[in-house]
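Q: sequence plus the predicted model coming up.
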Amino acid sequence: MLLLAALCATPAHALTVEVDAPDALKALLMQHLETARAARSGEKLDADEMARLQRQSDQTARDLLATEGYFSPQVESAVERVGDDWRVDYRIDPGTRTTVRNVALVFDGALNTRADAAGLRGRIERSFSLKQGMPFRQADWDAAKLAVLRPLLASRYPAAQLVASEARIDPAAQAADLTLTIDSGPAFFYGEPVISGARRYPESIIRNLSPVKPGKPFRQQDLLDYQMALETSGYYTHATVRVEPDPALAAAAPIRIEVVERPEKRFSVGVGVSTDTGARVQMGWLARDIADRGLRLKLDARIETTQQSGAAELAWPRTSAGYENSLGTQIKHEDIKGQKTRSVLAVAKRSRTRGQIETTVSLQYQTEQQSIGDVVNERNQALTANYAWTQRTVGRAFYPRRGHVLTLQGGGAAAALLSDTNFIRLYGRHTQYFPAGANGRLVLRGELGSVLADTRDGIPTDFLFRAGGDNSVRGYAYQSLGRTLAGGVASVRYLATGSVEYNYFFNRDWGMALFVDAGDAADTPRQLSPVFGYGVGARYRSPVGPVNLDLAYGEATRQFRLHFSLGVSF
């Protein structure tokens, strides 16, 4: 080290720092050395301050190199005056990097004594991130110590802790011997739920939503699933589910549940507009505790340019087996592309959600009055048994970039049971999301539908198909693809559509789209003749919901069509 000599009254001067070190270490040193920080800040230093910073920086350099596994470095620093300023030059030879020689994981607690824990011990040992022969870095060592506890805290051992850790460095051999002692504590099993915050709604709602039973081994994911089930049940705005890691309670650890309840009644108003159904006004009223049993009564009125509807639904809280049951009725009027319908339906449903899978079985009775100009004027009825299966792997993402949504439906009616004709309806829709670069995604969509029957006559239009519009084939009017009659477009028995769309977001809110759609609806498979639409669009993630604006060219009509949708709820 070059010693500094200075007079007590030496004036202050600026500072320049140069580091001669391997590139992998130079950035680290320049970021943390005290002299380098002083140079970046433009600090003026006198001779005493310069000497102090030099001593500190020399030690800091050795400490930093040690964190990267270099325990015998050569650090040389020289300070000189260049004109009116200071200059510090570092020459650093880190030496040979220390590598891991031995790793010893010592287990205490139930993890070491339970016969069923051998597999978990083996997985922890195999997954330990620092292996023999790997470079030793302090950051990697710290991360490995944290990671070794994660599988224990996540399953059966929430009281696990690291009770001792040692990294013994052999400078002569450039080797590190690592030892960790992990006390798993006892294995935890669920006890009874302890509920707080339930004042308005029955506690049975909370108990029935639980994915676990007393005596089941602890699993952190169970608590997360339970919390999500509570927060999405419609009864609670917030929920916390936890198990206290108290070893004394491990044999039957209470599940502590705290909830914040939603108001019993809610009135909502929504407005929107789309090029499919025009302007929209929607009003809803919800009561969540009918007859003091947690029954939910929902009333809904919806007025759009081309369709109007009113609906009522009475829903029961989820059962302990995971089922949600409901009864509903709806009155609807539609006038779309010349096909006018007035329908009344009543439906009983049973739904169940397990992980990513949602299933629904329903029994529905529907009557309908249908007319198309002077060509069609008929009354249809059907009592249908239906089944729907949906898988969602996109989570609750507002803008999914990976995963899919797959829906499969099947149902039918028999003429002998309150129906005008026999038919079986099959339908499937699949939307797949792929990431495309840092800010883009690719969206693939396919849709197939079929009604197996001798004729479409006697089948309510809700069970038939038409294509065209925002979520179907852009470039064509909403439900304009079907059987063309003198007075309008009739629903038919077969459907096939597909879409390829690329989205790119320039920032958090604004993006663009490029797309190609194709599809058709017809009375027989042979009559299906897909038409194409393609175009560009804008995407905006507004605070009140997504806004989509697409300009599409319909190849069959040789016309451009604007597709727009916006919805706002209050």
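A: Now that the structure is in, tell me what you want to look at.
Q: check which residues of the helix or strand where residue 330 lies are buried.
A: For residue 330, the host element (DSSP states H and E) is strand 323-336. For strand 323-336, a neighbour-count test (16 or more other Cβ atoms under 10 Å) marks 323, 324, 326, 328, 330, 332, 334, 336 as buried. Any C-beta I mention is one placed from the backbone N, CA and C, and that applies to glycine too.
Q: then it to CSV, C-alphas only?
A: Taking C-alpha atoms only, strand 323-336 is exported to CSV below (Å, rounded to 0.1, in the frame of the first residue of the first chain):
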residue,chain,number,x,y,z
TYR,A,323,-71.3,-29.2,-4.6
GLU,A,324,-73.2,-26.0,-5.3
ASN,A,325,-76.9,-26.3,-6.1
SER,A,326,-79.2,-23.8,-7.6
LEU,A,327,-82.6,-23.2,-9.1
GLY,A,328,-83.2,-20.5,-11.7
THR,A,329,-85.6,-19.1,-14.2
GLN,A,330,-85.2,-16.7,-17.2
ILE,A,331,-87.4,-14.8,-19.6
LYS,A,332,-85.6,-13.6,-22.8
HIS,A,333,-86.5,-11.8,-26.0
GLU,A,334,-84.1,-11.6,-29.0
ASP,A,335,-84.2,-10.0,-32.4
ILE,A,336,-80.9,-10.8,-34.2
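Q: contacts for the helix or strand following it, please.
A: Per DSSP H and E, the first helix or strand lying C-terminal to strand 323-336 is strand 339-354. Residues outside strand 339-354 that contact it (Cβ atoms under 8 Å, 6 or more residues apart in numbering): 322-334, 358-372, 460-462, 479, 488-491.
Q: give me that answer again for 6 Å
A: By Cβ atoms under 6 Å, 6 or more residues apart in numbering, the residues outside strand 339-354 that reach it are 322-334, 359-372, 461, 488, 490.
Q: from the chain's centroid, how far away is that strand?
A: How far strand 339-354 lies from its chain's middle: 29 Å, per Cα atoms, centre = their mean, to the nearest Å.
Q: what mean pLDDT does it get?
A: Regarding strand 339-354, the rounded mean pLDDT is 97.
Q: mind listing what it pairs with, with the direction of each?
A: strand 323-336 (antiparallel), strand 357-372 (antiparallel) (DSSP bridges).
Q: tabulate those (a markdown table), appending distance to residue 310 and mean pLDDT.
A: Output for those, formatted as a markdown table (distance: least, Cβ to Cβ, whole Å; pLDDT from 0 to 100):
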| stretch | distance to residue 310 | mean pLDDT |
| --- | --- | --- |
| strand 323-336 | 5 | 98 |
| strand 357-372 | 15 | 98 |
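Q: so which of the ones you listed gets nearest residue 29?
A: Checking those against residue 29 by Cβ to Cβ gives strand 357-372 as the closest, at 54.1 Å.
Q: report the buried residues of that closest one.
A: 359, 360, 362, 364, 365, 366, 367, 368, 370, 371, 372.
Q: on the C-terminal side of that strand, identify the next helix or strand.
A: Next element after strand 357-372 (DSSP H and E): strand 376-392.
Q: how about that next one: buried residues?
A: 376, 380, 381, 382, 384, 386, 388, 390, 391, 392.
Q: thought the last one was touching residue 405?
A: What that stands for is residue 392. Yes - counting by Cβ atoms under 6 Å, residue 392 touches residue 405, with 5.2 Å between them.
Q: shaky segments in the protein?
A: Residue ranges of the chain with pLDDT under 70: 1-13, 396, 567-570.
Q: now the lengthiest helix in it - C-alpha only, PDB.
A: Taking DSSP state H as the criterion, the chain has its longest helix at helix 47-67. Output of helix 47-67 as PDB, limited to C-alpha atoms (Å, rounded to 0.1, in the frame of the first residue of the first chain):
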ATOM      1  CA  ALA A  47      -5.600  13.700   2.700                       C
ATOM      2  CA  ASP A  48      -6.900  12.300   5.900                       C
ATOM      3  CA  GLU A  49     -10.300  11.300   4.400                       C
ATOM      4  CA  MET A  50      -8.500   9.800   1.500                       C
ATOM      5  CA  ALA A  51      -6.300   7.600   3.700                       C
ATOM      6  CA  ARG A  52      -9.300   6.500   5.700                       C
ATOM      7  CA  LEU A  53     -11.300   5.500   2.600                       C
ATOM      8  CA  GLN A  54      -8.300   3.700   1.200                       C
ATOM      9  CA  ARG A  55      -8.000   1.500   4.300                       C
ATOM     10  CA  GLN A  56     -11.700   0.800   4.400                       C
ATOM     11  CA  SER A  57     -11.800  -0.100   0.700                       C
ATOM     12  CA  ASP A  58      -8.900  -2.500   1.000                       C
ATOM     13  CA  GLN A  59     -10.700  -4.500   3.600                       C
ATOM     14  CA  THR A  60     -14.000  -4.300   1.800                       C
ATOM     15  CA  ALA A  61     -12.300  -5.700  -1.300                       C
ATOM     16  CA  ARG A  62     -11.100  -8.700   0.700                       C
ATOM     17  CA  ASP A  63     -14.600  -9.200   2.300                       C
ATOM     18  CA  LEU A  64     -16.300  -9.000  -1.100                       C
ATOM     19  CA  LEU A  65     -13.900 -11.500  -2.700                       C
ATOM     20  CA  ALA A  66     -14.600 -13.900   0.200                       C
ATOM     21  CA  THR A  67     -18.300 -13.800  -0.500                       C
END
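Q: which helices and strands does the helix or strand just after that helix pack with?
A: If you walk from helix 47-67 toward the C-terminus, the next helix or strand you reach (DSSP H and E) is strand 74-82. In terms of contacts (3 or more Cβ pairs under 6 Å, 6 or more residues apart in numbering; DSSP states H and E), strand 74-82 is packed against helix 47-67, strand 85-93.
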